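Trainee: 3D, please:
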Amino acid sequence: MSVDPMAYEAQFFGFTPQTCMLRVYIAFQDYLFEMMLVVEGVMLKKLDGIRGCKISPSQIRKCTEKFLLFMKEHFDKLFSKMEEVLLQLVLNIPKNVLLPEDRVQEQYRYSKEEFQALQDELQQLQQQCRAEAAAEQALRAELEEQKAVKAELEKILQCFDELENICREHGAGNFKESFALLTQSSKRLQDVLKEVEEKSKNMEQHDELM
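Mentor: Below you'll find the model as predicted:
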């Protein structure tokens, strides 16, 4: 068998020429074995009808095996020559022949440096695509967070609206104004509390000095 991978021929035929030759060899070999079994069966029938025949079936089997070995040796030699001819003249694509699907390579030829530059550019584009995909995912996550915050704010606004309605029902006037007044009152109370605490501290200090 040839050791040449013949990849271009495999691209054209859809199978490697070596595989084709191997299948042909196996088919011929199987046919040879079957033929010898048939010949052996015919010989056994013929000898069985002869009276006084001293040839046993085991002797016929040995003769069949020897003849099969002889035929196989000659067949291998002939097949080797046939394989060489077929691989060179039939299953071989000449070096100057270009398949239709590869003609684009003839139109757009690139040197090793240009091909490497294209590879580098392709790698950069892939990195940019991955970065953009990651950024898009981050934006989607942020958008989901904003949606959640918006939903919470809407709930808070709804609570304020409900409180304002309650205030109106109880004659408290505008809820926003009431809330502002409440905030101012709370701040005044805090100021008064701080003033009381300062006076209390001053009195304690005065008592200690006395």
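Trainee: residues in contact with stretch 109-129?
Mentor: Outside stretch 109-129, no residue is within contact range by Cβ atoms under 8 Å, 6 or more residues apart in numbering. Heads up, the C-betas are built off the backbone N, CA and C, glycines and all.
Trainee: buried sites along stretch 36-48?
Mentor: Buried residues in stretch 36-48, counted by 16 or more other Cβ atoms under 10 Å: 36, 40.
Trainee: let me see the mean pLDDT of the helix or strand hosting Leu69.
Mentor: Secondary structure assignment for Leu69, by DSSP states H and E: helix 57-85. In this model, helix 57-85 carries a mean pLDDT of 89.
Trainee: stretch 29-43 too?
Mentor: Stretch 29-43 shows an average pLDDT of 89 in the prediction.
Trainee: stretch 138-145 too?
Mentor: Across stretch 138-145, pLDDT averages out at 88.
Trainee: now do the buried residues in it.
Mentor: Within stretch 138-145, judged by 16+ other Cβ under 10 Å, no residue is buried.
Trainee: just the C-alphas of that stretch, formatted as PDB.
Mentor: Provided in PDB are the C-alpha atoms of stretch 138-145 (Å, rounded to 0.1, in the frame of the first residue of the first chain):
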ATOM      1  CA  ALA A 138     -23.200  43.600  31.400                       C
ATOM      2  CA  LEU A 139     -25.600  46.200  29.900                       C
ATOM      3  CA  ARG A 140     -28.500  43.700  30.000                       C
ATOM      4  CA  ALA A 141     -27.700  42.900  33.600                       C
ATOM      5  CA  GLU A 142     -27.600  46.700  34.400                       C
ATOM      6  CA  LEU A 143     -30.900  47.100  32.600                       C
ATOM      7  CA  GLU A 144     -32.500  44.400  34.700                       C
ATOM      8  CA  GLU A 145     -31.200  46.100  37.800                       C
END
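Trainee: how distant is it from the center of its chain?
Mentor: Computed by Cα atoms, centre = their mean, to the nearest Å, the chain-centroid distance of stretch 138-145 equals 27 Å.
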